[in-house]
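Colleague: give me a 3D structure for the following:
(one chain, ligands or ions: 1)
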Amino acid sequence: MIRLRRKIRIAVVNGPNLNLLGEREPSVYGSRDLNSINDELMEIAAEEGIDIVFHQSNSEGDIIDIIHANRGADGLLINPGAYTHTSIAIRDAISAVRITAVEVHLSNVHSREEFRSKSVIAPVCIGQISGFGAYSYMLGLRALIHFKSRDN
Ligand code: DQA
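Modeller: A predicted model of the protein is given here:
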């Protein structure tokens, strides 16, 4: 019997100041801009045969609306930026739509200022990847695809 599998759909969401990647504190966040990271994610998506959509916003309410609008998606790859440490509202949006989420960070949030080591988002994610620069996103996408493709 042939089993037809629906394509996995993943939403990528970047929060505040990540539109400035490349020029923003390159010693911390690297020299690649967001388009170049998204292009590489798109290549992985094409290789893996999945659908991927990209969003970036500097405002909390917009990020919440984006999460709501993607509630039918199979996965959420999110770098909430500084909202990682403060936004109960983004955390509640992820729980509300019951989407499988992976949190990613370019920098190692655990080796920086103390306030960055606390994530209010991580508890509603299947995992957090932090400290690998742009490669954190690639690892995060592969982790989501792996998680959604196996029986669980
Ligand atoms: C970040 C880490 C956050 O603490 C910071 O506010 C960011 C970027 C990262 O990707 O390393 O904006 O999410």
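Colleague: where does I129 land in three-state SS?
Modeller: What DSSP: H, G, I helix; E, B strand; the rest coil gives for I129 is strand.
Colleague: that one contacts L141, correct?
Modeller: No - using Cβ atoms under 8 Å, I129 and L141 do not qualify as a contacting pair, with a distance of 9.8 Å. Heads up, the C-betas are built off the backbone N, CA and C, glycines and all.
Colleague: which neighbours do the two share?
Modeller: Common neighbours of I129 and L141, using Cβ atoms under 8 Å, 6 or more residues apart in numbering, are V102.
Colleague: more crowded one of the two?
Modeller: Set side by side, I129 and L141 show more neighbours around L141, with 25 against 21, by other Cβ atoms under 10 Å.
Colleague: now do the contacts for that one.
Modeller: Counting by Cβ under 8 Å, 6+ apart, L141 has contacts 10, 12, 41, 44-45, 52, 77, 102.
Colleague: between those, which sits nearest D62?
Modeller: V12 (14.6 Å; Cβ to Cβ).
Colleague: three-state assignment of the closest one?
Modeller: Looking at V12 with three-state DSSP, the answer is strand.
Colleague: quick check: it touching I50?
Modeller: No - V12 is beyond contact range of I50, at 11.5 Å (criterion: Cβ under 8 Å).
Colleague: of those two, which one has the most company?
Modeller: When V12 and I50 are compared for neighbours, V12 comes out ahead with 26 against 19, by other Cβ under 10 Å.
Colleague: so how far is stretch 62-71 from its chain's centroid?
Modeller: Mean C-alpha position of stretch 62-71 versus that of the full chain (Cα atoms, centre = their mean, to the nearest Å) differs by 13 Å.
Colleague: so which of the contacts of L141 are in strands?
Modeller: In this view, the contacts of L141 that belong to strands under DSSP state E are 10, 12, 52, 77, 102.
Colleague: those residues: which two are farthest apart?
Modeller: Applying Cβ to Cβ across these, the maximum distance is between I52 and V102, 13.2 Å.
Colleague: the ligand contacts on this protein?
Modeller: 17, 79, 81-82, 84, 105-107, 109, 116 (Cβ under 6 Å from any ligand atom).
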